[in-house]
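*Asks:* curious how this folds, go ahead:
(chains A and B)
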There are 2 protein chains.
Amino acid sequence: MMNVNRRIVLACRPDGEPRLTDFRLESVDMPQAPDGSLLLKTKLLSLDPYMRWRMNDAPSYAPPVALGAPMVGSTVSEIVVSRHPDFKEGELVLGQSGWQEFAISDGAGLRRLDEAHAPVSTALGILGSPGLTAYTGLLNIGQPKVGETLVVAAATGPVGSLVGQIGRLKGCRTVAIAGGDEKCRYARDVLGFDVAIDHRSMNFRAQLEAACPAGIDIYFENVGGKIWEFVHPLLNPFARVPVCGLVSQYNDAGEETNKSNSSEFMRSILVKRLTIRGFIVTDFAAQMPDFLRDVGEWLSAGKLAHREHIVDGLASAPEAFIGMLKGRNFGKLIVQVS
Amino acid sequence: MMNVNRRIVLACRPDGEPRLTDFRLESVDMPQAPDGSLLLKTKLLSLDPYMRWRMNDAPSYAPPVALGAPMVGSTVSEIVVSRHPDFKEGELVLGQSGWQEFAISDGAGLRRLDEAHAPVSTALGILGSPGLTAYTGLLNIGQPKVGETLVVAAATGPVGSLVGQIGRLKGCRTVAIAGGDEKCRYARDVLGFDVAIDHRSMNFRAQLEAACPAGIDIYFENVGGKIWEFVHPLLNPFARVPVCGLVSQYNDAGEETNKSNSSEFMRSILVKRLTIRGFIVTDFAAQMPDFLRDVGEWLSAGKLAHREHIVDGLASAPEAFIGMLKGRNFGKLIVQVS
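*Replies:* From the prediction side, this is the model:
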């Protein structure tokens, strides 16, 4: 039973939207833990938009996944064999095992998880990288002030939902952009956004303008493409734009997804004195203790809602991932592997 | 003799490059200073790129010049009539009289100038708004660190020349971009840039790449257009781009001046975690004392060079201004009005 490791590898580099045939589920021999290392069994696998970029063979902030190699990803794993003095069998850890049932680790970078403290799945969402992305990007770059207008795209996703809620706690007027009625209702009723707008509406632009009568002071960008085009003209002088993702553009191989050119963009950066700053979560890794303290407290105090979308079995990962890039998930997408 | 005030007004809003016929030299009655005010006689008028934008009837950070109104501008003026308790006749002040020989002021915003301290013309250049732009933009947004590569466009102009020299004092490798052999020589030999590149060269791109073997950490943007297109791919992760001007784009009425689109731009902001921030000099007005102290000291200590390009007579202003937008000036452009 434990002689086989099932994993999903990158079979082809996608041209545009990934297809099921770009992935391959394969069975390989169970890896053996040498002295000083651990055998980890994957319980939960996180699916996140950044993985789409890692499928391309293009320069980015991290190397691409090699053809034939397992897809990368954060996991909640159980230590099933420990040959490492610092870890015990049965412990749960946050690791980077990727899309596979088992993996070897030398212990570096593992974070022990305590089920008594919070459900371990939160280590992949609100208390994990998506949460840290939201917290650090909004506070360091967005710098929310009381009474300002904060617009959040993908507002029911794991990053956007926390950005909006922290913005609300900081006294901002918060405007959610989401896809479909159900997500918009959730953004308003559960996440507490002041307004939620469906980006699929025919009159999206007019609704966005109406939702931001005093303009936009912070736009938390994790979508790009069309929504950015509509947000951009509404930015106020001195607006801040943290850029942590461009999920609507990840399937493009570099072609144009919108009409405005970069001269026009530079002009508005100058005229409005905008601050546009890209970041990824590791840039602010040093703020992890602040993040865990603040968001942990808000969560315990019942001030924050979060939502998970769990799919069953490693084999479901490719389809769930492809759907996520189209906005089909509703909440933090997690694969229950075992 | 003092019954007439000659001034240059905006006759037409230019379509693209301004022409001489967009300006009109006219003589009007000498203004009279009411109680509590001053009559100022213009000695020196500063010509600066931002004035091109003020000729357009388009939203910007400052209102446009009205048709038939005098062009705006900073001036060194002599108080010829004082009916204000705080000012004496004969004093020299930095003011905003615009393109005219005389103006009335209520004293607000005037800065007294002391010829014993520094030549009064420096109040329009290295110790004035261009200097403050360079100092605050580089230090606040550029954040230069020892060993980093700083690229400066329009590097012999009043802003760029100080940016490069402060960058050198902060330990950066400094790369000048300028137009023509003479300016490049001056950038290297007098301003002390490590390398200077002529943007008119056929192989400008290759020269820029060669000049930045370790990439670009700071690009001080005051030009836009084509040069930005070449700089952009060379930016390092975490590069900073203070944007204080886009002189190459000021003559465009919004049409495309380059090919890259804003999706591509957002993508590189994210992948490289760039910080792009627009500013104008008044955003950092509170740092004027620091600026005057630091740049004043460096200047007195002989650590900074600067250069003025003086043209004679108010009537020369339009032609000099049009030439400046084409890079024909060499140093801070000033009109000697009287």
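*Asks:* any idea which helix or strand comes after the worst-scoring helix or strand of chain A on mean pLDDT?
*Replies:* Counting by mean pLDDT, DSSP states H and E, chain A has its least confident helix or strand at helix A:262-271, which shows a mean of 82. Counting by DSSP states H and E, the next helix or strand C-terminal to helix A:262-271 is strand A:275-278.
*Asks:* quick check: angle from the strand or helix carrying A:Asn236 to helix B:262-271?
*Replies:* A:Asn236 is part of strand A:235-243, with elements assigned from DSSP H and E. Strand A:235-243 runs at 50 degrees relative to helix B:262-271, counting by axes from the mean of the first three to the mean of the last three C-alpha atoms, to 10 degrees.
*Asks:* now do strand A:235-243: distance to the chain's middle.
*Replies:* Taking C-alpha atoms, centre = their mean, to the nearest Å, one finds the center of strand A:235-243 at 21 Å from the center of the full chain.
*Asks:* contacts for it, please.
*Replies:* A:137-138, A:140-143, A:149, A:214-222, A:268, A:272-279, B:61, B:266, B:269-270 (C-beta atoms under 8 Å, 6 or more residues apart in numbering or on different chains). All C-beta spots, glycine's among them, are computed from the backbone N, C-alpha and C.
*Asks:* and the residues you listed, which are buried?
*Replies:* With burial judged by 16 or more other C-beta atoms under 10 Å in any protein chain shown, the buried subset of these is A:137-138, A:141-142, A:149, A:215-222, A:268, A:272-279, B:61, B:266, B:269-270.
*Asks:* so where's chain A shaky on pLDDT?
*Replies:* A:1-2, A:247-261 (pLDDT under 70).
*Asks:* the helices in it, which residues?
*Replies:* A:50-54, A:129-136, A:158-169, A:181-189, A:204-211, A:225-231, A:262-271, A:288-300, A:317-325 (DSSP state H).
*Asks:* number of residues surrounding the closest residue to A:Ile141 other than its chain neighbours?
*Replies:* Nearest residue to A:Ile141 in three dimensions, chain neighbours excluded: A:Pro242, at 3.8 Å (C-beta to C-beta, 6 or more residues apart in numbering or on different chains). Neighbourhood size, A:Pro242 [other C-beta atoms under 10 Å in any protein chain shown]: 25.
*Asks:* state the distance from A:Pro242 to A:Val80.
*Replies:* 39 Å (C-beta to C-beta, to the nearest Å).
*Asks:* do A:Lys41 as well
*Replies:* 5 Å.
*Asks:* neighbour-wise, which of those two wins?
*Replies:* A:Lys41 (18 against 14).
*Asks:* identify the residues contacting that one.
*Replies:* Applying C-beta under 8 Å, 6+ apart, we find A:Lys41 in contact with A:77-80, A:101-102, A:338.
*Asks:* quick check: A:Arg277 vs A:Gln336, distance?
*Replies:* With C-beta to C-beta as the criterion, A:Arg277 and A:Gln336 are 36 Å apart.
*Asks:* check A:Ala214 too.
*Replies:* 44 Å.
*Asks:* likewise for A:Ser316?
*Replies:* 9 Å.
*Asks:* chain center to stretch A:105-125, what's the gap?
*Replies:* 17 Å.
*Asks:* so what touches that stretch?
*Replies:* A:36-38, A:40, A:43-44, A:46, A:74, A:76, A:84, A:86-87, A:91-97, A:127-128, A:130-131, A:158, A:296, A:299, A:306, A:308, A:310, A:332, A:334.
*Asks:* how close does A:Lys88 sit to A:Ile79?
*Replies:* Plainly put, A:Lys88 is 7 Å away from A:Ile79 if you go by C-beta to C-beta.
*Asks:* among these two, which residue is more densely surrounded?
*Replies:* Neighbour tally, A:Lys88 and A:Ile79, criterion other C-beta under 10 Å: the higher count belongs to A:Ile79, 23 against 11.
*Asks:* the more buried one and A:Gly95 touch, don't they?
*Replies:* No: between A:Ile79 and A:Gly95 there is no contact under C-beta atoms under 8 Å: 9.6 Å.
*Asks:* what sits closest to A:Asn222 if chain neighbours are left out?
*Replies:* With C-beta to C-beta, 6+ apart as the criterion, A:Asn222 has its nearest non-adjacent residue at 3.7 Å, and that residue is A:Gly245.
*Asks:* contact partners for the single nearest residue of the stretch 51-200 of chain A relative to chain B?
*Replies:* The minimum distance from the stretch 51-200 of chain A to chain B, using C-beta to the nearest C-beta, falls at A:Ser60 (5.2 Å). Applying C-beta under 8 Å, 6+ apart to A:Ser60 gives the contacts A:53-54, B:271.
*Asks:* one step back: any common contacting residues for A:Lys41 and A:Val80?
*Replies:* A:Phe102.
*Asks:* give me the residue from the stretch 101-250 of chain A nearest chain B.
*Replies:* A:Val243 (5.0 Å).
*Asks:* which residues does that residue bridge with?
*Replies:* For A:Val243, the beta-bridge partners under DSSP bridges are A:Glu221, A:Gly278.
*Asks:* A:Ser46 too?
*Replies:* Residues in beta-bridge contact with A:Ser46 (DSSP bridges): A:Ile334.
*Asks:* from chain B, how far out is it?
*Replies:* Computed with C-beta to the nearest C-beta, to the nearest Å, the distance linking A:Ser46 and chain B is 20 Å.
*Asks:* quick one: residues contacting that residue.
*Replies:* Neighbouring residues of A:Ser46 by C-beta under 8 Å, 6+ apart: A:73-75, A:124-125, A:128-129, A:332-335.
*Asks:* and the residues you listed, which two are furthest apart?
*Replies:* Largest separation among the contacts of A:Ser46 by C-beta to C-beta: A:Ser129 and A:Val335, giving 15.7 Å.
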